[in-house]
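Visitor: sequence and predicted model, in that order:
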Amino acid sequence: MAMIDLPRALRGHPVRPPESGMSRRKGLRERIHLDPWLLGMLLVLMLSGLVVLYSASGQQLDTVIAQGVRFGVALAVMGVLAQFSPTTLMRWSLPAYVLGLLMLLAVELIGDMGMGAQRWLVIPGVIRFQPSEMMKLAMPMMVAAYLSRRELPPRWRDLFVCVTLIGLPVILIGRQPDLGTSLLVASAGLFVILLAGLSWRFILFMIGLAAAALPLLWMNLHNYQRQRVLTFLDPNSDPLGSGWNIIQSTTAIGSGGVFGKGWLQGTQSQLEFLPERHTDFIIAVLGEEFGLVGMLSILLLYLLIVSRGLWLAAEAQDTFGRLLAGSIVLTFFIQVFVNVGMVSGILPVVGVPLPLVSYGGTSSVTLLAGFGILMAIQSHRRLLPR
């Protein structure tokens, strides 16, 4: 028990008990607004990604350094966003959403082509980026801000507005074409609606509506997108063409066995049988070189990150924070699930990178920006009386 200066207390002066080391550490954590557990797990994931990327890129150190620089920028963005309060973020939701739509329209008009798709905006000599990545955050922020000002569970009129807010960017992204990102953006918005509370009647109605719309969706798919679905159903129908990617990825994962062939010792990746090995199919490199143990380890790390993120989302004390934080974490989970599913052959190939492991700049910045918003929501929560 702390000793109290009795004469000083009797004179009417306030007495402040000595601070413990734990309270000082808590004060530092509150000042920087970063969750140490989540930050630590993200750093471990990024370092693991750099190790795998060195092998997947053909041992090109320049590629690893470039990715490390992007991680540094992404961490800086995360740290900055963590300092803003949820109230500020909610005020930014509409400007961010409108800016994202304008940039998607700019992509439609003057976007840069690459690998048969028009997805990038280029500022000459400065940056080349995908505006669609920005909508993974701007769109759920907008939907969460809209619903937080209304009675929950949402009414049909509010649901119509939310579906419209989601549909506009999804249609523009789908026209690039970028089916994978459009699905992730749609998922981010739908997660906000689901977390707002929906009746089973509405959920079953939406499932039925989606099933009825499948023929229309199929007719509007590009030829290569249809071929991906057919290849998913039977990869061996065109083993040297459209089925090559999935056959080589499953072969690489299976050949790794339990403990793998060893770092830099993979044959499918090092001999360049595996396509897109440093981006969408990088987990096949990990499976071949580190085996089942390596894949389970990275999946366990993802599970811990998602669990910590959901716990932080549950700690939010306002509707906007809970809806947005939950959507960010669940969208991160969906991205991991889709990438692992398509590489292992249980989902069609849709071009979704493995978060913070695949090579890419815009995606890394978006992901860590989302975790920065998550930390901001948790660290700026109102203090309740004990």
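Guide: Okay, I see it. Residues are numbered from 1 along each chain as shown.

Visitor: give me the low-pLDDT residue ranges for the stretch 201-350 of the chain?
Guide: Counting by pLDDT under 70, the stretch 201-350 of the chain shows low-confidence ranges at 224, 234, 236-238, 240-242.

Visitor: quick one, helices of it?
Guide: Secondary structure of the stretch 201-350 of the chain (DSSP state H, counting those that start in this stretch): helices located at 223-233, 244-255, 267-270, 282-314, 319-344.

Visitor: just the C-alphas of the second one, formatted as CSV.
Guide: This means helix 244-255. C-alpha atoms of helix 244-255 as CSV (Å, rounded to 0.1, in the frame of the first residue of the first chain):
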residue,chain,number,x,y,z
TRP,A,244,-1.6,-24.4,-66.0
ASN,A,245,-1.6,-22.0,-63.0
ILE,A,246,-3.7,-24.1,-60.7
ILE,A,247,-2.0,-27.4,-61.7
GLN,A,248,1.4,-26.0,-61.0
SER,A,249,0.4,-24.3,-57.7
THR,A,250,-1.2,-27.5,-56.3
THR,A,251,1.8,-29.5,-57.5
ALA,A,252,4.1,-27.1,-55.7
ILE,A,253,2.1,-27.3,-52.4
GLY,A,254,1.9,-31.0,-52.6
SER,A,255,5.6,-31.6,-53.3
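
Visitor: tell me which residues are up against that helix.
Guide: With CB atoms under 8 Å, 6 or more residues apart in numbering as the test, helix 244-255 has contacts from 231-232, 235-236, 238-239, 261, 266-269, 273-276, 281, 283-285, 287-288, 295, 342-345, 349. Backbone N, C-alpha and C define where each C-beta goes, glycine included.

Visitor: swap in 10 Å and give it another go.
Guide: For helix 244-255, the external contacting residues (CB atoms under 10 Å, 6 or more residues apart in numbering) are 228, 231-232, 235-236, 238-240, 261, 266-269, 272-277, 280-281, 283-289, 291-292, 295, 342-345, 348-349.

Visitor: buried subset of the residues you listed, written for ChimeraX?
Guide: Only the buried entries of the contacts of helix 244-255 go into this ChimeraX selection, using 16 or more other CB atoms under 10 Å:
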select :228,231,232,235,261,266,268,269,273,274,276,277,280,281,283,284,285,286,287,288,289,291,295,342,343,344,345,348,349
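
Visitor: which residues touch the closest residue to residue 291 other than its chain neighbours?
Guide: Leaving aside its sequence neighbours, residue 291 sits nearest to residue 260 (CB to CB, 6 or more residues apart in numbering; 3.3 Å). Each residue near residue 260 by CB under 10 Å, 6+ apart is listed here: 266, 286, 287, 288, 289, 290, 291, 292, 293, 294, 295.

Visitor: do you know how far the closest residue to the third one other than its chain neighbours is from residue 342?
Guide: For residue 287, ignoring the flanking residues on the chain, the nearest one in space by CB to CB, 6+ apart is residue 253 at 3.8 Å. Using CB to CB, to the nearest Å, one gets 12 Å for the distance from residue 253 to residue 342.

Visitor: shared neighbours of these two, which are they?
Guide: By CB under 10 Å, 6+ apart, the residues touching both residue 253 and residue 342 are 281, 283.

Visitor: follow-up on the earlier one: now for the residue nearest to residue 287, how many residues are close by?
Guide: Residues within reach of residue 253, counting by other CB atoms under 10 Å, total 23.

Visitor: when you give positions from now on, start the count at 771
Guide: Happy to do that; since the first residue is 771 now, the last one works out to residue 1023.

Visitor: can you report phi and psi for the residue nearest to residue 1061?
Guide: Dihedral pair for residue 1030: phi 80, psi 170, per degrees, to the nearest 10.

Visitor: before we move on, what about residue 890?
Guide: phi -120, psi 150.

Visitor: for beta bridges, what are the partners of it?
Guide: residue 882 (DSSP bridges).

Visitor: distance of it from residue 883?
Guide: For residue 890 relative to residue 883 (CB to CB), the value is 8 Å.

Visitor: tell me which of the two has more neighbours.
Guide: A direct count of neighbours by other CB under 10 Å for residue 890 and residue 883 places residue 890 higher, at 18 against 9.

Visitor: please identify which helix or strand holds the residue nearest to residue 869 when sequence neighbours are not counted.
Guide: Excluding its sequence neighbours, the residue lying closest to residue 869 (CB to CB, 6+ apart) is residue 908, at 7.4 Å. Residue 908 belongs to helix 901-918 when assigned by DSSP states H and E.
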